[in-house]
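>>> quick one: sequence and predicted model below, then my questions.
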Amino acid sequence: VGVKDISFDLQPGKKIAFVGTSGAGKSTLLKLLFRFYDVDAGQVLVDGQDVRTLTQESLRKSLGLVPQDVVLFNDTIRANIAYARPDASDEDLRDAARRAQLLEFIDALPEGWKTRVGERGLKLSGGEKQRVGIARVILADPAILVLDEATSALDSATEAAVQDALDQAAQGRTTLMVAHRLSTVKSADEILVLEAGQVIERGTHAGLLAKGGKYADMWERQARSANLELAGE
């Protein structure tokens, strides 16, 4: 999906969220930021510099991504977290794991940090895999944190725990969030609602609810299905 006429300014340390139905253009914005492709018109600026003038390496060093499906290698849990910074000390690794709410889990494993996670991390639950991804990003210490549907594959209870870890990772960082589940973007400083590649509404969570438009409608629908889930129907 192409995007057009989208303009926003994200100040350091602030959080912006992009929401909308599938195919609205949310992921396209992230691809432009990571330079998987370049814009036909307009600019993507990071610290005032057009991303097209930066090397891929320097650009991607400043970006940390937690995707919907964190890629893990058939190696130890230590190697999987340290992948972000192979020279990290044990103290740095423990700190990253603690902030990702993973340290107690690792310490309780019979083989601890030497536990092998299996092919694509199959020995870990969905929530544990996401927390490994979050620990990895905390260890990399990027200036910009990008959360791409980071909790959408999790059930509500796991999502709440992982959301706490994401909030930890976002502290002091500029954060971009792409989400289908609106409960994860309530805390954003600005929310952009996309449809067919364009912004149809923008504002804070409270402001958009008060407006009674598309966002409020999506919120209402999701709240209703969450209630059904809680009621076990």
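Now that the structure is in, tell me what you want to look at. Residues are numbered from 1 along each chain as shown.

>>> the longest helix in this protein is where?
In the chain, assigned by DSSP state H, the helix with the most residues is helix 214-230.

>>> which residues does that helix contact?
19, 156, 181-183, 191, 193, 195, 200-201, 208-210 (Cβ atoms under 8 Å, 6 or more residues apart in numbering). Where you see a C-beta, it was placed from the backbone N, CA and C, and this is true even at glycine.

>>> at 6 Å what do you get?
Helix 214-230 is contacted from outside by 182, 193, 200-201, 208-209, using Cβ atoms under 6 Å, 6 or more residues apart in numbering.

>>> what's the closest of the residues you listed to residue 33?
Lowest distance from residue 33 to those (Cβ to Cβ) belongs to residue 193, with 18.7 Å.

>>> which residues in this structure form helices?
Assigned helices in the chain, in chain order: 26-33, 56-61, 77-82, 90-99, 103-108, 126-140, 156-170, 205-211, 214-230 (criterion: DSSP H).

>>> out of the ones you listed, which one sits most buried?
Highest mean neighbour count of the helices of the chain: helix 126-140, a mean of 24 (counted as mean count of other Cβ atoms under 10 Å).

>>> what about that one, average pLDDT?
The pLDDT scores in helix 126-140 average 91.

>>> tell me what it is packed against?
strand 63-66, helix 77-82, helix 90-99, helix 156-170 (3 or more Cβ pairs under 6 Å, 6 or more residues apart in numbering; DSSP states H and E).

>>> for the ones you listed, give me CSV that also has mean pLDDT and distance to residue 15.
Output for the helices and strands packed on helix 126-140, formatted as CSV (pLDDT from 0 to 100; distance: least, Cβ to Cβ, whole Å):
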stretch, mean pLDDT, distance to residue 15
strand 63-66, 90, 14
helix 77-82, 96, 24
helix 90-99, 94, 17
helix 156-170, 82, 7
